[in-house]
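Asks: turn this into a structure:
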Amino acid sequence: KKNYSTIALSLVDDTKARFSLAIDSGDLETAYKTSMDLKDKQCFKRLGEEALRQGNHQLVELAYQSQRNFEKLSFLYVITGQMQKLEKMLLIAQNRNDVMSRFHNSLYLGDIQERIRILAEIGHLPLAYMMAVTHNIDDMAIPLKESLGESYQNIEFDFKSSALIPPKPVIQDLDSSSQSKLNWPHHQIAEEDILTLPSEEPEKVEVEPTIENQIDQIQDQQQPTGAHEEENVEEGDWGIDEDLEIPDIEPAQTNTDSQNQMNDVAFQGQNLLHKYVSASQLPGEHVSTGFISSALDLLKKQIATQNINPLKKVFGNIYLACNFNVSGIPFLKPVNHQISKESHKPQVLVTMNTLELMLKRGYSLTTEGKFPEALDQFRDILLHISLLVVKDQKEEKDANLLLRICVDYIMALLCEVHKKNVPKENTSRILELTMYMALFNMQPKHRILALRSAMTLAYKSKNFVHAGYLAKKIVQINEQYPNTLKPDVVANAKKVYAACEQQGSNAVGIEFEEAWLYDNDLVYKVDPKAMKYLKGRNMKKCFFTNLNYSEEFMGQICEVCLVSKIGVETVSYTHLRAHETGRNLVCRLLLEKKKKQINNDYHNSNYYIALQQI
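Replies: Numbers count the residues shown, from 1 in each chain. Predicted structure coming up:
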């Protein structure tokens, strides 16, 4: 029966029957062994055809040699670049007195002298002479001209010509190259899959399912499995009225041409990696496999992405890190490979270790006073966090804290950027921005540098009350983190504080309160665009960074991340789905969290303490 050749092969002892079954099932090893026992020319022919179909050029060579099929053997040596064996084929053709085979092999080798000799030996002296003159081979052209007679003495060649020279193989020594011995890669089929193939009778025509139906099947497989279900606790009276008239809504799908193209690739080619990504809600996995448009659609839903320009470089780096090309046969296009995990999951090469190295670089730039470069570095970390795929809830929590650190640093560095755009005569605004920079939660050494700079400027501006606030904060940080400051810095801060207590006045009117220095969540109360303390309740939020803006900036791009639209509310469906299905979690940071919990997690976590020591 059809498709059962593999089973029959293990049950048959007849050599000829085993050869036929081995050819039908594609078992080249068994087919070669049985053909050597049979020594039949027709068997070698079938073996060569099947080996050529599977791309086993070594076995094709053995089959052609057994058939003594010299023409096909010569052409095989040409396409595989085995020029030394092709020279031997030329000698064999001479011994066999096969003129056409000699001429063909000399063409393959680019041997012009041999072609001239062949034409002269068979009596085509004019052609031999013409070839010698065309290729400027005078030592052969002169004797041929003399043998032609007077009728060919004054012949002239006024046509333009070029030498027919075949290209040389890239790999000259095939024995030194492991790639030259490789055959075409094969996809192994499990034995149980072979045994369950349908028989020829009865033959039924099955309608291929549409792409939409296949997507529905994948979505059904990704439904929650109860991995993170809550204990059976009776709900109290929350005032929830579920008697609502809600129309049935079809599951949302990405309605773009790029998504349709991605599904075509995933299902028509049966690429398991692409099939997995087509059902994924993690933007990082889409970027790593090259589905950029679908990744942007997901980011738009999850963090309200509007400005994609800052993401281009990040997308390119992630894609190039997750893909590589392997050179195969010379002159052919390299084969692209995607780095993947087990179970055909794409590998997103953005990890917490990588981000921590980037954070360390941002710290160094800040310490060196290279504020524009440091600002770009922390923003780059933010964009990478939006594509991060974390392993568990602990790593997700660490990523949340890392995002908070980046937000604090970017806000502090933005103060320096705003300050450069302020006219020098506007001393009050310069002083205000300098003091704002000291408000945000940076590393102790950076916070103290900002406090000292603000204290110095406030004291010189005769704002003694404000300078006293800042000096007091420096002493408090030194008590909280012992051995952070040099003794002379602490002594100077205490000296300034004592002097400011005696003065007790401010010469420049600015908006600043002492309580702001001790508010760990002040970053959420300052407008990043205006760099002013927010008052009132009419505020709009960036749902990626959780920062608040004045209502006048509604619909604009967030000043911190430079990608998200202010005031557009999003729901981190990816984040929730990752928890429900038990799949890898994506670090989203989009859900609203209680500020008290954020504050406690941020300052009391081991991860934050470890980052402070970098």
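
Asks: buried residues in whichever helix or strand residue 313 is part of?
Replies: Here residue 313 is covered by helix 309-322, with elements defined by DSSP states H and E. Buried residues in helix 309-322, defined by neighbour count with 16 or more other C-beta atoms under 10 Å: 310, 311, 314, 315, 318, 319, 322. To be clear about C-beta, it is placed using only N, CA and C from the backbone, and glycine gets the same treatment.

Asks: ok, the residues you listed vs residue 137, which is closest?
Replies: Nearest to residue 137 out of the buried residues of helix 309-322 is residue 319 (C-beta to C-beta; 53.9 Å).

Asks: so what's that closest one up against?
Replies: The neighbours of residue 319, taking C-beta atoms under 8 Å, 6 or more residues apart in numbering as the test, are 287, 288, 290, 292.

Asks: distance of the closest residue to residue 105 other than its chain neighbours relative to residue 307?
Replies: Once flanking residues are discounted, residue 105 sits nearest to residue 90: 4.1 Å by C-beta to C-beta, 6 or more residues apart in numbering. As judged by C-beta to C-beta, to the nearest Å, residue 90 and residue 307 stand 66 Å apart.

Asks: then residue 412?
Replies: Separation of residue 412 from residue 307 (C-beta to C-beta) stands at 22 Å.

Asks: the more surrounded of these two?
Replies: Neighbour count, other C-beta atoms under 10 Å: between residue 412 and residue 307, residue 412 has more, with 25 against 14.

Asks: now residue 485: how far from residue 46?
Replies: Taking C-beta to C-beta, one finds residue 485 at 86 Å from residue 46.

Asks: check contacts around the residue nearest to residue 407 when sequence neighbours are not counted.
Replies: Once flanking residues are discounted, residue 407 sits nearest to residue 545: 5.3 Å by C-beta to C-beta, 6+ apart. Neighbour list for residue 545: 382, 403, 407, 558, 560, 561, 564 [criterion: C-beta under 8 Å, 6+ apart].

Asks: go ahead and confirm the last one touches residue 308.
Replies: Spelled out, that is residue 564. No - judged on C-beta atoms under 8 Å, residue 564 makes no contact with residue 308 at a distance of 11.1 Å.

Asks: okay if I get the buried residues of helix 309-322 as JSON lines plus pLDDT and distance to residue 456?
Replies: Converted to JSON lines, those look like this (pLDDT from 0 to 100; distance: C-beta to C-beta, whole Å):
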{"residue": "310", "pLDDT": "93", "distance to residue 456": "35"}
{"residue": "311", "pLDDT": "92", "distance to residue 456": "40"}
{"residue": "314", "pLDDT": "91", "distance to residue 456": "38"}
{"residue": "315", "pLDDT": "91", "distance to residue 456": "43"}
{"residue": "318", "pLDDT": "88", "distance to residue 456": "43"}
{"residue": "319", "pLDDT": "87", "distance to residue 456": "47"}
{"residue": "322", "pLDDT": "84", "distance to residue 456": "49"}
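
Asks: out of the residues you listed, which two sit at the greatest distance?
Replies: Largest separation among the buried residues of helix 309-322 by C-beta to C-beta: 310 and 322, giving 19.9 Å.

Asks: remind me which residues of the stretch 501-614 of the chain are low pLDDT?
Replies: Residue ranges of the stretch 501-614 of the chain with pLDDT under 70: 537, 571-614.

Asks: can you pull out the strands in it?
Replies: For the stretch 501-614 of the chain, applying DSSP state E, counting those that start in this stretch gives strands covering 526-527, 532-533, 539-541, 548-550, 585-586.

Asks: most packed of those?
Replies: Across these, the average number of neighbours (mean count of other C-beta atoms under 10 Å) peaks for strand 585-586, which reaches a mean of 24.

Asks: which residues does residue 325 contact?
Replies: Residue 325 neighbours (C-beta under 8 Å, 6+ apart): 334, 335, 336, 337.

Asks: report pLDDT for the first one.
Replies: The per-residue pLDDT reported for residue 334 equals 78.

Asks: surely it and residue 323 touch.
Replies: No - using C-beta under 8 Å, residue 334 is not in contact with residue 323; the gap is 11.1 Å.

Asks: pick out whichever of those two has more residues nearby.
Replies: residue 323 (14 against 10).

Asks: do you know how far the more buried one is from residue 354?
Replies: Residue 323 is 17 Å from residue 354, where distance means C-beta to C-beta.

Asks: gap between residue 276 and residue 286?
Replies: According to C-beta to C-beta, residue 276 and residue 286 sit 11 Å apart.

Asks: anything in contact with each of the two?
Replies: By C-beta under 8 Å, 6+ apart, no residue touches both residue 276 and residue 286.

Asks: looking at these two, which one has more neighbours?
Replies: The neighbour count for residue 276 versus residue 286, taken as other C-beta under 10 Å, is higher for residue 286 (29 against 18).
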